[in-house]
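**Student:** I'll drop the sequence and a predicted model, then ask my questions.
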Amino acid sequence: MNLARGSSDDPYAWLWILGALALYALISYGLTYRARVRRGSAHPARDAVHDLKDREDPQPPRQRFVSRVLMLCGAGLTGLAAALTSGAVRIVTVGLTAGVAVVAWAYYDYRTERRARTSTGPDA
């Protein structure tokens, strides 16, 4: 009977994961939007969405590795915070830990993609 219910102790684990992904997307959009505004784009919101859709180029192996290490370390620290706390403290601790981890991950991806884009040039 235990298998039918699932193996997670936290029934809201998927909500935490979806929240982290939504936060990552929101931060990525915000950083891209800010860059578009600073460059004087006529339609920064639309251009930022197009920039996010154009991220289909694979990262170089080193940057991809560092990005995944940041993601996994953030997930590990968030899991550790959840395991070591309980009650209202757990919610605050996990929320803050996940928020900081997602911000660091999104910022790293944004910075390395921007560097890669400027090093190859806009027409490359």
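**Tutor:** Yep, it's here. Numbering: from 1, shown residues only.

**Student:** list the contacts for residue 21?
**Tutor:** Contacts of residue 21 were listed using CB atoms under 8 Å, 6 or more residues apart in numbering, and none were found. In this view, the C-beta of every residue, glycine as well, is placed from N, C-alpha and C.

**Student:** Look up which helix or strand it falls in, please.
**Tutor:** Taking DSSP states H and E as the criterion, residue 21 maps to helix 13-38.

**Student:** Can you give me the buried ones in the next helix-or-strand element following that helix?
**Tutor:** Heading C-terminal from helix 13-38, the first helix or strand you meet, by DSSP H and E, is helix 44-53. Buried positions in helix 44-53, judged by neighbour count with 16 or more other CB atoms under 10 Å: 44, 47-48, 51.

**Student:** Let me see the mean pLDDT of the helix holding residue 21.
**Tutor:** Average pLDDT, helix 13-38: 81.

**Student:** Run the chain-centre distance for it.
**Tutor:** 6 Å (CA atoms, centre = their mean, to the nearest Å).

**Student:** Could I get the buried residue list for it?
**Tutor:** Buried-residue list, helix 13-38, by 16+ other CB under 10 Å: 16, 20, 23-24, 27-29, 31-33, 35-36.

**Student:** Cool, thanks, signing off.
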